[in-house]
Structures are given as C-alpha cells and as structure tokens.
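Asker: Dropping a prediction and its sequence here:
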Amino acid sequence: MLGRYPEYKGIGRLADTRRFVVRNDRYSKMSSVMQWRFNKRFLDKQIKDKARIVLTTPARQASPGSIYARELSYLRSKGYVVSKDGMEMVRR
C-alpha cells in the first residue's frame, strides 16, 4: 500500500495489504538518503513477492519531489503503470 503520509497509515490498518511502517520518531531522524533506502527496500520486496500495490492517494496527487512521487517513479522504472481506475500500480 502506498500513499501520502499520514493518510495511508490509517487506511492500511483497515485493508489487508502490506504497508511501509517505520516509527515516525526514528524516520524523522534519518537522512533523506537513509529514508529512501528503507522505502526502496520495501518496494523491492513488494516487487519480488508480486504483491498487490494499492494506492491510497491517487498518483496524480503526488507532490513533485515527495517520497510518494519518488516511489511511483521507481515502480514505473520497474515496469509498473497506474491502473485504469487509478487505485493501484500494476505490471505492464
């Protein structure tokens, strides 16, 4: 499950999906390089496991330069596209 923080956090608890979770106090102390390393590791695992990637925030609402935008871009580079309904990233 991907989306803008903190929106996806609450939705993720309701849905039967995997979501990226690092305690906020720990994440905020990380450098942006380390934050991306953790996010990328999560994405790579989802790709490897062929997990369903649900979007809690429409891709078009990703703020330029945000982690969410970077996650979407990374998934696109790995062969994913936004689904027709805009609610998932799916393999081409």
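Answerer: That came through, no problem.

Asker: all helices of this protein, in order?
Answerer: Here the chain has its helices, by DSSP state H, at 7-14, 24-29, 32-48, 67-77.

Asker: Among the ones you listed, show me which one is buried the most.
Answerer: Ranked by mean neighbour count, these are led by helix 67-77 with a mean of 17 (mean count of other C-beta atoms under 10 Å). Yep, even glycine has a C-beta here, placed from its N, CA and C like the rest.

Asker: about what we covered before: how about the helices of the chain, which one is nearest Met87?
Answerer: Among these, the nearest to Met87 by C-beta to C-beta is helix 7-14 (11.4 Å).

Asker: what is the rounded mean pLDDT of the closest one?
Answerer: Taken as a whole, helix 7-14 has a mean pLDDT of 51.

Asker: measure Ile47 to Tyr74 for me?
Answerer: Distance, Ile47 to Tyr74, by C-beta to C-beta, to the nearest Å: 9 Å.

Asker: next one: Lys45
Answerer: For Lys45, the distance to Tyr74 - C-beta to C-beta - is 13 Å.

Asker: Gln35 now?
Answerer: Counting by C-beta to C-beta, the separation of Gln35 from Tyr74 is 13 Å.
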